[in-house]
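Visitor: Sequence plus the predicted model coming up.
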Amino acid sequence: NQISSLTSLSRKLNETKELQSEIGIQSISASQLSRKLRHLEQAFLDAVLQHCIAQLVRRIGLKKATKQLGRINLVDSSTITLCLSQYPWALYLPTHAGVKLHLRLAFVDGLVHPDKAILTPAKPSDRTQMDSLIELDRDALYIFDRGYVDYRKFDEYCRGGTRFVTRLRYNTSIAETYERRTIPQGSPVLRDDVVRIGSSASRSMTHPTRWIETLDSEGNLIIILT
């Protein structure tokens with residue numbers, strides 16, 4: 001019913017006299033619901049999530065977005081700030097505590113749904129979860145941001161045939177460059193080369209990748225590696 005709060009849910013349940021009679025409770029308050037939810041096992045919530053995802057997949061089907069792109073997996077994280085005095089184990093800044101939710105979202109036929117979720121303390125970098133969220137899969141295209149830059153992992157993906165698109169920082173070093181194509185006048189693409197990123201033979205990628213430069217809507221330089 002898309003009920004948005006425990007108070008609204010309590011009101012809705014208390015209108016259902018048959019339910020109260022069946023379970024032997026005269027009224028169901030928002031605080032009762034809150035206490036019950038607090039003790040729910042995570043495995044139960046995981047099962048509910050997977051059930052919802054399965055229903056969604058059945059409804060929209062498993063068609064590929066396009067024959068060229070295949071299945072698209074979006075990988076990113078969100079930091080959830082917590083009260084430091086209540087959660088001292090989750091310290092990540094001098095005055096803040098927090099946890100980080102790492103998500104892999106599956107993009108199918110224009111709809112996005114959660115495909116995998118990992119909860120960690122906020123302090124470790126996004127790169128620590130790359131093995132869990134980015135799998136060697138020739139049928140998937142992974143898209144992730146600058147927090148996941150790892151040359152060793154990029155080489156693994158190239159060897160295994162896992163396709164990826166990511167952004168790079170402006171100070172990324174290039175060991176070798178080969179012009180891929182001449183950019184036509186008026187193109188939104190400023191540069192399109194084949195490069196081997198890294199600062200030296202010992203600290204560079206082994207495999208060549210495609211380096212694309214363009215501008216965002218505010219005129220800022222965007223560097224894309226794929």
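Guide: Received it, and whenever you're ready, just let me know what you need.
Visitor: Please, where are all the strands along the protein?
Guide: Counting by DSSP state E, the chain has strands at residues 71-82, 91-93, 96-108, 111-121, 140-144, 163-167, 174-179, 189-197, 209-215, 221-225.
Visitor: could I get the ones you listed as a markdown table with distance to Ser27?
Guide: For glycine as for every other residue, the C-beta is placed from the backbone atoms N, C-alpha and C. Compiled in a markdown table, these are given as follows (distance: least, C-beta to C-beta, whole Å):
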| stretch | distance to Ser27 |
| --- | --- |
| strand 71-82 | 33 |
| strand 91-93 | 41 |
| strand 96-108 | 35 |
| strand 111-121 | 34 |
| strand 140-144 | 48 |
| strand 163-167 | 53 |
| strand 174-179 | 68 |
| strand 189-197 | 63 |
| strand 209-215 | 59 |
| strand 221-225 | 56 |
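Visitor: Let me have those in TSV, adding mean pLDDT and distance to Leu13 as columns.
Guide: Shown next, in TSV, are the strands of the chain (pLDDT from 0 to 100; distance: least, C-beta to C-beta, whole Å):
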stretch	mean pLDDT	distance to Leu13
strand 71-82	91	29
strand 91-93	86	39
strand 96-108	89	30
strand 111-121	85	27
strand 140-144	92	42
strand 163-167	95	47
strand 174-179	84	62
strand 189-197	92	57
strand 209-215	94	53
strand 221-225	95	50
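Visitor: Quick check: phi and psi on the closest residue to Tyr151 other than its chain neighbours?
Guide: Leaving aside its sequence neighbours, Tyr151 sits nearest to Met205 (C-beta to C-beta, 6 or more residues apart in numbering; 4.9 Å). Per-residue torsions, Met205: phi -70, psi 150 (degrees, to the nearest 10).
Visitor: Quick one: residues contacting Met205.
Guide: When contacts are counted by C-beta atoms under 8 Å, 6 or more residues apart in numbering, Met205 touches Tyr151, Phe154, Asp155, Cys158, Ala175, Arg196, Ile197, Gly198.
Visitor: Thought Leu136 was touching Arg156, still the case?
Guide: Arg isn't right for residue 156; it's Glu. Yes: the criterion here is C-beta atoms under 8 Å, and Glu156 meets it with Leu136 at 7.4 Å.
Visitor: Make CSV from the strands of the chain and add mean neighbour count and distance to Arg58 to it.
Guide: Output for those, formatted as CSV (neighbours: other C-beta atoms under 10 Å; distance: least, C-beta to C-beta, whole Å):
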stretch, mean neighbour count, distance to Arg58
strand 71-82, 17, 16
strand 91-93, 15, 39
strand 96-108, 18, 12
strand 111-121, 14, 12
strand 140-144, 19, 20
strand 163-167, 18, 26
strand 174-179, 12, 46
strand 189-197, 17, 39
strand 209-215, 16, 36
strand 221-225, 15, 34
